[in-house]
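In: let me see the structure of the following:
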Amino acid sequence: MMARLRVGVLISGRGSNLQALIDASAAPDYPAEIVTVISNREDAAGLARAAAAGIAAHVISDPDRSVFAAETDRILRGARVGLIALAGFMRILDGGFVAAWADRLINIHPSLLPAFPGLHPQRKALEAGVKFSGCSVHFVRDAVDTGPIIAQAVVPVDDGDDEAALAARILAAEHRLYPLAVRLFAERRLHIAGNRVRVAGAATPDIAALNPTDLA
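Out: Model prediction:
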């Protein structure tokens, strides 16, 4: 049996996507495990989630981007991490760090990228009057919320939605999509061709077309 992929998760807040990954990794057939959690904020609620799961957690709050990158890199390499998952991580990473971990660094964003990158994507979606929104998991590149898209899930935008209601619906999809994307990476089924990710396996449907209810 192939060794499980060792994953490091970077957080800034509540850590609900971290929890989704922790829960997924509890299954004996899941091909990845969370081995370390790093937060840039001491008050991040996700740190308690890591502690409850017995996962090593670290706080690096230095405002200097290069110092943060160096210390984070040291911890991740010490933990023999093979994949970094950003989960509600609200800090722009040093370009050298992104380059050093290229194609082993992923993020989840609550919109159907490339639409509505950056902050407040749910608000932007409502203001634009779109009928569907969702979430995207992508490989990280130097520019914010860019990089080859691994997987997306679509959710409807209801007439009565406000920002909080749409965010909650998208978050439920995120909790199903992120573990799927990590699984595909761990199973070495992702192949980057230019700015497109191809998923190996004849039985794999078009991930971009999946609805959250299909992500069982």
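
In: got the domain ranges for this structure?
Out: 1-101, 109-216 (automatic domain parsing).

In: show me what the helix or strand hosting R198 is packed up against.
Out: Using DSSP states H and E, R198 sits in strand 196-199. In this structure, strand 196-199 packs against strand 149-156, strand 190-193, with contacts taken as 3 or more CB pairs under 8 Å, 6 or more residues apart in numbering; DSSP states H and E. Quick note: C-beta positions are derived from backbone N, CA and C, even for glycine.

In: hmm, try it at 10 Å
Out: strand 132-139, strand 149-156, helix 163-186, strand 190-193 (3 or more CB pairs under 10 Å, 6 or more residues apart in numbering; DSSP states H and E).

In: give me whichever of those is most buried.
Out: Highest mean neighbour count among those (mean count of other CB atoms under 10 Å): strand 132-139, with a mean of 24.

In: if we can go back for a sec, quick one: which of the helices and strands packed on strand 196-199 is nearest G8?
Out: helix 163-186 (11.6 Å; CB to CB).

In: from the chain's centre, how far out does that closest one sit?
Out: 8 Å (CA atoms, centre = their mean, to the nearest Å).

In: tell me where the protein has helices.
Out: Here the chain has its helices, by DSSP state H, at 16-25, 46-52, 65-78, 95-100, 121-128, 163-186.

In: may I have the second one exported as CSV, CA atoms only?
Out: Translated: helix 46-52. Written as CSV, here are the backbone C-alpha positions of helix 46-52 (Å, rounded to 0.1, in the frame of the first residue of the first chain):
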residue,chain,number,x,y,z
GLY,A,46,-8.7,26.4,13.8
LEU,A,47,-5.8,25.9,16.2
ALA,A,48,-8.2,24.3,18.6
ARG,A,49,-9.4,21.9,15.9
ALA,A,50,-5.8,20.8,15.3
ALA,A,51,-5.2,20.3,19.0
ALA,A,52,-8.4,18.2,19.3
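
In: who does it touch, helix- and strand-wise?
Out: Helix 46-52 packs on strand 5-11, helix 16-25, strand 32-39, strand 56-59, going by 3+ CB pairs under 10 Å, 6+ apart.
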